[in-house]
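# sequence and predicted model, in that order:
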Amino acid sequence: MLEEILAGILSSIEAISGSAATLGFIGLLLFAVCLFAITRIPRALRDRRSYWFIEIFLFPAVVVTGAAVLTLVLTQVGLSRDVNSPDFVSAVALILTAAYLIDRATNLFIWQGLSRRAGAVVPEIIRTLISAVIYIGGVYVIIAVVYARPVTGLVISSTVMIGILGLALQPVLGDIIAGVSLTIHRPFKVGDWIELEDGAMGKVITTDWRATRILTRHNTVHIIPNGQLSNATIHNYDEPNEAYGFWFQVPVSGTISPKLVVQLLLEAAIKSPSVLDHPAPIARIWDAQEMPVRYLVTVHCREYLAHFNAKSEVLQNAWQLFDRAGFSFAARAMEAELRRGEPAHGSEPQAEEILDEIKLLSPLTRAERQHLVDVGIIRMFAADEAIVVQDDRGDSAFIILAGMVRVHLTNKEEDRGRDIELARLGTYDFFGEMSLLTGAPRSANVTAYTDCKLLEIPKPSMEPILEERPELANELAQLMAERQIRSEMLASGAQQKSMGDILTEYKEAFAQTIRGVFRLGKAQ
């Protein structure tokens, strides 16, 4: 068997010896030069199918012309006297050209077509192997047709060598074939978070013919052979899309109103920057058979890794909202809850309590804030209902007693009516103070995000307070100026000034406007 392999190799070497080998090398060089010239053409043009039809006429014509010129030069310098030299050179170059055009057609019409129809990229290993087979076939044709030599020995020897290598590299080839299968079916891609049935979990950083590497949360690399990976159960956290949904339970005392707890949990989730709006957050009672009652919160975040921050943000927001409502998270179910005194009773915060915590109204006395509550109007809004409309006239402010609202802007000129969200406000927040104190039109749209309960403070309710204490205009103007600076993007010219100068300008402007709206004299 070894003698047959050596004989086949030797016969192939003899087939390309002498002057024929020189002419064949010239044909190969001609093909290489033409191929190099083609690669200088912009890739965007070469990747078009229509350009391939130009190549099938242009490339052979250039090869035939180049072969004639080269053999003429060789004849003039005395390196060739064979009248068939032009045919010999062009035949070698044309066969290689045919292999190139077939390879190009395979990429343009088969691989790209499959990618467009199936939406998946053809594995590079398959494309490389097919290209190698095409060019090896071209070499066999050159030996058999141009050199008129038998290729049986070369084919047999190549087959035997491939068989020997296949047996020796069986485990490696198994991983390579598995890598091809993974690339075709694409159960994951680079950047996805995956978890295997043995508990290995991480972010895919590379995948090649032999193995896949994942970066774990411990900042270590886990290398998995493709053969093992192809037979494993894979949990992909980024499919079918990167949005990752999860849920967790929150224990709350059974003495607290379930309606209040669900409302506050939903508000806590909506306030979290890491939580997506779609799918919308959900808060439900999960188990009320045992104490404490357990509530289920379901949210989605942009990717798997973001769910740690999302859960932390939701729990922090819930903690603050529960504390304001007068209760807290309950103890774990397996622990005894021993407390002195009366059991906790949570309730919605009263309007008076909310006004006490609003910084803009801090210059007012307790009696003056109670006056605003007494004359204010309680208004209820359903989710997605408009509360105020941009550019409308208004002379009242709103205090949020329960629920959440969305503040958004419609820039009709620059963004063709595109809606831009500015902020989301919840319990203890307020809006509309500019219209109340300065009479300015509504600067933005405000829409109920959830069912809302608002306290509307009209302009007449502020008039007796400012008439009795005109100096309040300056204090309110100071707070409005601070709020204005925090909420808007300063123009490039204003950024050149110090914050103290900007604050003074805003304060003076607001104070003058408030005094004019409420017809007050200049404060002493």
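Ah, there it is. Keep in mind the model is a prediction, meaning the values are calculated, not measured.
# which helix of this protein spans the most residues?
In the chain, taking DSSP state H as the definition, the longest helix is helix 49-76.
# which SSE is immediately downstream of that one?
Sequence order places helix 85-105 as the next helix or strand after helix 49-76, per DSSP states H and E.
# please work out the average pLDDT along that following helix.
Helix 85-105 shows a mean pLDDT of 78.
# the inter-axis angle of that helix versus helix 49-76?
Calculated by axes from the mean of the first three to the mean of the last three Cα atoms, to 10 degrees, helix 85-105 forms an angle of 160 degrees with helix 49-76.
# okay, helix 85-105 in PDB with CA atoms only?
Written as PDB, here are the backbone C-alpha positions of helix 85-105 (Å, rounded to 0.1, in the frame of the first residue of the first chain):
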ATOM      1  CA  SER A  85       3.000  27.700 -25.700                       C
ATOM      2  CA  PRO A  86       0.200  30.300 -25.800                       C
ATOM      3  CA  ASP A  87      -2.400  27.500 -25.600                       C
ATOM      4  CA  PHE A  88      -0.500  25.800 -22.800                       C
ATOM      5  CA  VAL A  89      -0.200  28.900 -20.700                       C
ATOM      6  CA  SER A  90      -3.800  30.000 -21.300                       C
ATOM      7  CA  ALA A  91      -5.200  26.500 -20.600                       C
ATOM      8  CA  VAL A  92      -3.700  26.500 -17.100                       C
ATOM      9  CA  ALA A  93      -4.800  30.000 -16.400                       C
ATOM     10  CA  LEU A  94      -8.300  29.400 -17.900                       C
ATOM     11  CA  ILE A  95      -8.900  26.200 -15.800                       C
ATOM     12  CA  LEU A  96      -8.000  28.100 -12.600                       C
ATOM     13  CA  THR A  97     -10.200  31.000 -13.800                       C
ATOM     14  CA  ALA A  98     -13.100  28.600 -14.200                       C
ATOM     15  CA  ALA A  99     -12.500  27.300 -10.700                       C
ATOM     16  CA  TYR A 100     -12.500  30.900  -9.400                       C
ATOM     17  CA  LEU A 101     -15.700  31.700 -11.200                       C
ATOM     18  CA  ILE A 102     -17.400  28.600  -9.900                       C
ATOM     19  CA  ASP A 103     -16.300  29.400  -6.400                       C
ATOM     20  CA  ARG A 104     -17.600  33.000  -6.800                       C
ATOM     21  CA  ALA A 105     -20.900  31.700  -8.200                       C
END
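# I figured residue 108 hits residue 47, correct?
Yes: Residue 108 lies in contact with residue 47 (Cβ atoms under 8 Å); the separation is 7.5 Å. C-beta coordinates here come from the backbone N, C-alpha and C atoms, glycine included.
# these two: which has the busier surroundings?
Between residue 108 and residue 47, counting by other Cβ atoms under 10 Å, residue 108 is the more crowded of the two (17 against 13).
# elements contacting the longest helix of the chain?
If contacts are counted by 3 or more Cβ pairs under 8 Å, 6 or more residues apart in numbering; DSSP states H and E, helix 49-76 sits against helix 19-39, helix 85-105.
# what packs against the last one?
Contacting helix 85-105 under the criterion 3+ Cβ pairs under 8 Å, 6+ apart are the following elements: helix 19-39, helix 49-76, helix 124-141.
# just put the ones you listed in a markdown table and tack on mean neighbour count and distance to residue 353.
Output for the helices and strands packed on helix 85-105, formatted as a markdown table (neighbours: other Cβ atoms under 10 Å; distance: least, Cβ to Cβ, whole Å):
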| stretch | mean neighbour count | distance to residue 353 |
| --- | --- | --- |
| helix 19-39 | 17 | 75 |
| helix 49-76 | 15 | 72 |
| helix 124-141 | 15 | 66 |
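# pipe the helices and strands packed on helix 49-76 into TSV and attach distance to residue 418 per row.
Shown next, in TSV, are the helices and strands packed on helix 49-76 (distance: least, Cβ to Cβ, whole Å):
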stretch	distance to residue 418
helix 19-39	44
helix 85-105	45
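# for the ones you listed, which one sits closest to residue 286?
helix 85-105 (60.7 Å; Cβ to Cβ).
# what's the helix or strand for the residue lying closest to residue 207 once chain neighbours are set aside?
Closest residue to residue 207 apart from its sequence neighbours, by Cβ to Cβ, 6 or more residues apart in numbering: residue 190 at 6.5 Å. Counting by DSSP H and E, there is no helix or strand that carries residue 190.
# phi and psi next, for residue 190.
Main-chain dihedrals, residue 190, degrees, to the nearest 10: phi -60, psi 130.
# again, but for residue 394
Dihedral angles (degrees, to the nearest 10) for residue 394: phi -160, psi 150.
# which residues does residue 103 contact?
Applying Cβ atoms under 8 Å, 6 or more residues apart in numbering, one finds that residue 103 lies in contact with 130, 131, 134, 135.
# tally of neighbours for the residue lying closest to residue 130 once chain neighbours are set aside?
Computed as Cβ to Cβ, 6+ apart, the closest residue to residue 130 that is not its neighbour in sequence is residue 106, at 6.1 Å. By the criterion of other Cβ under 10 Å, residue 106 has 16 neighbours.
# report how many residues lie close to residue 223.
Around residue 223 there are 10 residues (other Cβ under 10 Å).
# mind listing what the strand or helix carrying it pairs with, with the direction of each?
Here residue 223 sits within strand 221-225, counting by DSSP H and E. Strand 221-225 pairs in its sheet with strand 211-215 (antiparallel), by DSSP bridges.
# state the mean pLDDT of the partner strand.
86.
# from what I can see residue 377 touches residue 460, true?
No: assessed by Cβ under 8 Å, residue 377 is found out of contact with residue 460, at 11.2 Å.
# strands along the stretch 101-250 of the chain, start to end?
With DSSP state E, counting those that start in this stretch, the ranges of strands along the stretch 101-250 of the chain come out as 193-196, 201-207, 211-215, 221-225, 234-236, 244-252.
# contact partners of stretch 264-278?
Contacts of stretch 264-278 (Cβ under 8 Å, 6+ apart): 243, 250, 281-283, 295, 297, 299-302, 306-307, 309-310, 313-315, 317-318, 321-322, 325, 403-404, 424, 426-427, 449-450.
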